[in-house]
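*Asks:* Fold the following.
(one chain, ligands or ions: 2)
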Amino acid sequence: MTSQTPGDCLFCKIAAGDIPSDRVAESERSIAFRDIRPAAPVHVLVVPRRHEPTVGALATASDEDLADVFRLAAQVADQEGVADAYRMVVNTGSEAGQTIFHAHVHVLAGTAFTERKMV
Ligand code: 5GP
Ligand code: ZN
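*Replies:* Ligands and ions are numbered 1, 2, ... in the order given. Take a look at the predicted model:
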């Protein structure tokens, strides 16, 4: 699977503050910022500060970081006023739509969830 080193990783640079982002929340282990190309009225990316290429790799590397990403994602949904109806989406692998190989969870809401429902 494609991997990037933290030195050339976009989300590492955003986490470090070297590249600007519209940050909506953060914790000691994770940050949350608005997606630059929103696919829904609420579209926030929740990203561990630790560089791991996928959420699966993050789960293997650190229970704490994995839990924190999902905890912050739920907090973001609450904060955005969509706690009653939102999706968390994790793309893994380029064939599944992953374009940034630093683990992240999409928080999507504010739209009718009728299109392309897979499960
Ligand atoms: P993926 O396709 O890997 O699941 O999700 C990567 C997401 O990162 C995409 O939805 C894309 O719009 C978003 N993205 C790419 N570059 C930037 C950027 O520079 N800033 C922000 N805020 N989002 C980005
Ligand atoms: Zn990274």
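
*Asks:* Tell me the helices and strands packed up against the top helix by length along the chain.
*Replies:* Across the chain, the longest stretch assigned as helix under DSSP state H is helix 63-79. With contacts defined as 3 or more Cβ pairs under 8 Å, 6 or more residues apart in numbering; DSSP states H and E, the packing partners of helix 63-79 are strand 23-26, strand 30-34, strand 42-48, helix 55-61, strand 86-89, strand 105-109. Heads up, the C-betas are built off the backbone N, CA and C, glycines and all.

*Asks:* quick one: buried residues of that helix?
*Replies:* 65-66, 68-69, 72-73, 75-77, 79 (16 or more other Cβ atoms under 10 Å).

*Asks:* what does this protein put close to ligand 2?
*Replies:* Within the chain, the positions adjacent to ligand 2 are 6, 9, 11-12, 51, 102 by Cβ under 5 Å from the ion.

*Asks:* who's in contact with the residue of the chain most remote from its centre?
*Replies:* The centre of the chain is farthest from one residue, Thr114, which by Cα atoms, centre = their mean lies 21.9 Å away. By Cβ atoms under 8 Å, 6 or more residues apart in numbering, the contact list for Thr114 is empty.
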